[in-house]
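Colleague: What shape does this take:
(chains A and B)
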Amino acid sequence: MSVPVLEAKGLTVRRGHVQVLEVPSLSLEPGSVTALIGPNGSGKSTLLQTLACLVMPSAGELLFHGSPLTARRERHAYRQQVTLVFQESLLFDTTVHANLSAGLKLHAVPRDERERRIEEAASRFGITHLLGRSARKLSGGEAQRTSLARAFALRPEILFLDEPFSALDPPTREALIDDLSGVLRETRTTALLATHDQVEAMRLADGLAVMHQGRIAQTGGVAEVINHPADEFVAAFVGMETVLDGTVTASSQGVLTASVLDRKVEASGCEAPGTRVRLGVRPENVTLSLGEEARTSALNHFPGTVTRIVPKGPYYKVELDCGFFLAAYVTARSLEELRLREGSEVVAGFKATAVHVLRG
Amino acid sequence: MELIWEGIKEALRLLFTLDPEVLGITLLSLKVSVSATLISLFLGIGAGLVIALNRFPGKQFLISLINTGMGLPPVVVGLFVTILLWRNGPLGFFEILYTPTAIVLAQAIIATPIIAGISVAALQQLPPNLRLQILSLGATRRQMVWLLVKEARLPLLAAVMAGFGGVISEVGASIMVGGNIKGYSRVLTTATVMETGRGNFDIAIALSVILLLLAFSVNAVLTHLQQRERPR
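Modeller: Purely as a prediction, here's the structure:
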């Protein structure tokens, strides 16, 4: 197994008497892109700044390629090999070219090499035509492209990205995510991206770390975390809208039956009868149908009443009262075909494999 | 009206004939005020950096104190500098009272809070994460400070202009600690006060026109510097 590019051990950060970060361990594998997701205030930025050696931890250590970063000189040398892109573009009040050049000058890159790297980074992010322009006159998207190009021009070993797209409008964000995704793959740069947008995380990252209240609640591959959230918080944060409390009444061959408010829910799992469990169902895994066409395969079926329909851009979230709360996503077309209104009677169905048995 | 016109004509005559006394007063004014501004620039921007970039107890109180100091009455400064430099005063052994050096000292005390106050505001208005951004680009702490100063250059040059404007135009402290000694510690403002007192309005107007031209020329150079590097 390869040595992680960066490893954090027992990191804690205190502000006054308050502990704002506690990360027992975290490692970044070479070339990996990890998304650090969590709500605002969960400690993502503090963790990123600590890992980038911009904030001194109260305790714990950082290992870069296995070597601890203890002395001031080592930390400075490390900072020259990593960089951080913030949510604000934080450009200098000069031209785009001078902005790209600034970091390279700090790295004492010779002039010819500097020009080559500026040209390359500007071309990667499509800002070559802006090189002579004042940074003050850039749009939000152009400014963030410049900020990313400035970071990539340094050819960092690790790139930390702190919600770099959250201040951008959707079309600009989409285009920039595509470009960044391409550049990350092409350059195989190890990256840690903080975001509160799980879709952004899924598009860019191959690993997820979910943060909650200054701690990492779960780490793993994207599918692993999304489909097998470790606890209720992760489930809620990664989009599991329905969480049901129940007790296992039967369990056999990897399928359990749990009693939830006098209804039987089948789920994949091996918990023993009598165990209290929490079950998570993601809204995109719930199908809705009208009564007569419902029982077509071995699903959990629950008749229910539509209590609310919430538009969510390309789809709608339909909230149901099935004796318990259940949410489902449907397309506009399905909504029309099923003639769903508040008060409509429907049958909700989901497979046993779509039910996540949550620990905790 | 005629009096003003005569004064302006007299000013031009004194300037173009390079009147040795007026030239001496003008050069001394420039020398004293530029020296005081340079000293307060060093102290004011230094203090501004320390205050703006660090967290410490009493920071807000200190900023309030500096802001109050921005309106320090020159006569009060003159009074305390005179007491300090008086023969029996704590700094009397320097024997610099009624010398241009004493004027530089008093003017530096007047300009330092002006420059420090504007510097703190200029540095605090930079984005809070800019410091971290610069460090994350690989800067040392010293390089980071320099880049921050560069980034705040426009308001910092305004601080220099305000500081210089404050000292070139002040009269109270200069007259008290400099003594307005002819050919030695007489500057444009003290000479203007004296000539006005004597009823020599034409010379007083001439001196004040020179003072205005001097202030304008220095500020024009600073404004040029301020606007020059600004990308279009």
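Colleague: So residue 83, which state does it fall into?
Modeller: Picking chain A for this. Per DSSP: H, G, I helix; E, B strand; the rest coil, the secondary structure class of residue A:83 is strand.
Colleague: residue contacts, it?
Modeller: By CB atoms under 8 Å, 6 or more residues apart in numbering or on different chains, the contact list for residue A:83 reads A:52, A:103, A:151, A:154, A:156, A:159-160, B:136-138. For glycine as for every other residue, the C-beta is placed from the backbone atoms N, C-alpha and C.
Colleague: Flag every residue of chain B that's near chain A.
Modeller: B:127, B:129-130, B:132-133, B:135-140, B:143, B:147, B:150-151, B:154, B:229-232 (CB under 8 Å from any CB of the partner chain).
Colleague: Would you mind confirming that residue A:104 is in contact with residue A:154?
Modeller: Yes - with contacts defined as CB atoms under 8 Å, residue A:104 counts as touching residue A:154 at a distance of 6.8 Å.
Colleague: name the element the residue nearest to residue A:197 when sequence neighbours are not counted belongs to?
Modeller: Nearest residue to residue A:197 in three dimensions, chain neighbours excluded: residue A:166, at 7.3 Å (CB to CB, 6 or more residues apart in numbering or on different chains). Counting by DSSP states H and E, no helix or strand carries residue A:166.
Colleague: Now do the same for residue A:166: its pLDDT.
Modeller: What the model reports as pLDDT for residue A:166 is 88.
Colleague: hmm, who's touching the helix or strand hosting residue A:35?
Modeller: Assessed by DSSP H and E, residue A:35 sits inside strand A:33-37. Residues from elsewhere that reach strand A:33-37 (CB under 8 Å, 6+ apart): A:28, A:44, A:47-48, A:184, A:190-198, A:200-202, A:204-211, A:222, A:237-238.
Colleague: Could you give the average pLDDT over it?
Modeller: Rounded mean pLDDT across strand A:33-37 is 94.
Colleague: neighbouring strands for it, and are they parallel or not?
Modeller: Strand pairing for strand A:33-37, using DSSP bridges, gives strand A:190-195 (parallel), strand A:207-212 (parallel).
Colleague: Nearest residue to the middle of chain B?
Modeller: Central residue of chain B (CA atoms, centre = their mean): residue B:164, 3.1 Å from the mean position.
Colleague: Wait, a helix at it?
Modeller: Yes - under three-state DSSP, residue B:164 sits within a helix.
Colleague: So it versus residue B:67, what's the distance?
Modeller: From residue B:164 across to residue B:67, the span is 19 Å (CB to CB, to the nearest Å).
Colleague: Dump the strands paired with strand A:33-37 to CSV, plus distance to residue B:50, mean neighbour count and mean pLDDT.
Modeller: Listed next are these as CSV, based on distance: least, CB to CB, whole Å; neighbours: other CB atoms under 10 Å in any protein chain shown; pLDDT from 0 to 100:
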stretch, distance to residue B:50, mean neighbour count, mean pLDDT
strand A:190-195, 32, 24, 96
strand A:207-212, 35, 23, 93
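Colleague: Save the ones you listed as TSV, and put in distance to residue A:143 too.
Modeller: Below are the strands paired with strand A:33-37 laid out as TSV (distance: least, CB to CB, whole Å):
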stretch	distance to residue A:143
strand A:190-195	18
strand A:207-212	27
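Colleague: for these, which one sits closest to residue B:118?
Modeller: strand A:190-195 (35.7 Å; CB to CB).
Colleague: Could you check how far the closest one is from the centre of its chain?
Modeller: Here strand A:190-195 is found 9 Å from its chain centre; the criterion is CA atoms, centre = their mean, to the nearest Å.
Colleague: Residues contacting that strand, please?
Modeller: Under CB under 8 Å, 6+ apart, the answer for strand A:190-195 is A:5-6, A:28-37, A:44-45, A:47-48, A:51, A:157-166, A:184, A:200-201, A:204-205.
Colleague: Which positions within the next helix or strand after it qualify as buried?
Modeller: Per DSSP H and E, the first helix or strand lying C-terminal to strand A:190-195 is helix A:198-204. Buried residues in helix A:198-204, defined by neighbour count with 16 or more other CB atoms under 10 Å in any protein chain shown: A:198, A:200-202, A:204.
Colleague: Against which helices or strands is helix A:198-204 packed?
Modeller: Here helix A:198-204 touches strand A:33-37, helix A:170-187, strand A:190-195, helix A:222-227, going by 3 or more CB pairs under 8 Å, 6 or more residues apart in numbering or on different chains; DSSP states H and E.
Colleague: Lovely, talk soon.
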